[in-house]
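1. give me the fold of what follows.
(one chain, ligands or ions: 2)
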Amino acid sequence: MRNEPQESLISKLAKAPISVNGEIRIPISSDADIVIARQQGRAMAEQLGFSASDMTIIATAISEVARNIINFARRGEMIMSPFQRSPRRGILVVARDQGPGIPDIHLAMQDGYSTGKGLGMGLPGCRRLMDEFEIQSDVGKGTTVVMKKWSPEYDTGP
Ligand SMILES: Nc1ncnc2c1ncn2[C@@H]1O[C@H](COP(=O)(O)OP(=O)(O)O)[C@@H](O)[C@H]1O
Ligand SMILES: [Mg+2]
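-> Ligands and ions are numbered 1, 2, ... in the order given. Next up is the predicted model:
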């Protein structure tokens, strides 16, 4: 028997990520949301047959872009979904915000460049870790990062 009070079903559901057709959307506005995004991404990667090391890579990339949302834009959202382009499949990760945007993307993608207290390895690290990486940003409008990782058993090369 557990002694701590049970969380009500409604409050659990209110916090749960919304999933439609396997897609998960997670609003990002706190450190706890980063943890949720990381866990959900890892679980989705596992379902898609990714190896343990790929699961860690995907979770790491998710953490980095979610952390950037908190640090630089304060809030935003993550969208993760399985995709299939027969016979290959994988995971699509989108991070987007309506924050200040990035004035010089080329600079932001350099190893060690940070306008904050970070190591400046987040974005370039994600580009190396994932199979596909795109970033779009407009100053005053926001930033969108789109990343894909192909599931290995379906990865027949480009
Ligand atoms: N979502 C974002 N909104 C605004 N600026 C961002 C965002 N993500 C990254 N940046 C900018 O790009 C830089 C590099 O990001 P990153 O490689 O993750 O390094 P770090 O987070 O360690 O600073 C950041 O220092 C910041 O200036
Ligand atoms: Mg970062």
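2. pick out the residue nearest the middle of the chain.
-> Among the residues of the chain, the smallest C-alpha distance to the mean C-alpha position (CA atoms, centre = their mean) belongs to Ile62, namely 3.0 Å.
3. does that residue sit in a helix, a strand or a coil?
-> Under the three-state scheme (DSSP: H, G, I helix; E, B strand; the rest coil), the conformation of Ile62 reads as helix.
4. try Arg127
-> Secondary structure for Arg127, judged by three-state DSSP, is helix.
5. count the neighbours of the nearest residue to it once chain neighbours are set aside for me.
-> Spatial nearest neighbour of Arg127, chain neighbours left out: Phe133 (4.1 Å); criterion: CB to CB, 6 or more residues apart in numbering. The C-beta positions use only the backbone N, C-alpha and C, and glycine is treated the same way. By other CB atoms under 10 Å, the residues close to Phe133 number 20.
6. then the one 4 residues further on?
-> Around Ser137 there are 19 other residues, counting by other CB under 10 Å.
7. and what of the one 3 residues further on?
-> Residues lying near Gly140 (other CB under 10 Å) number 8.
8. having no further points to raise, I will conclude here.
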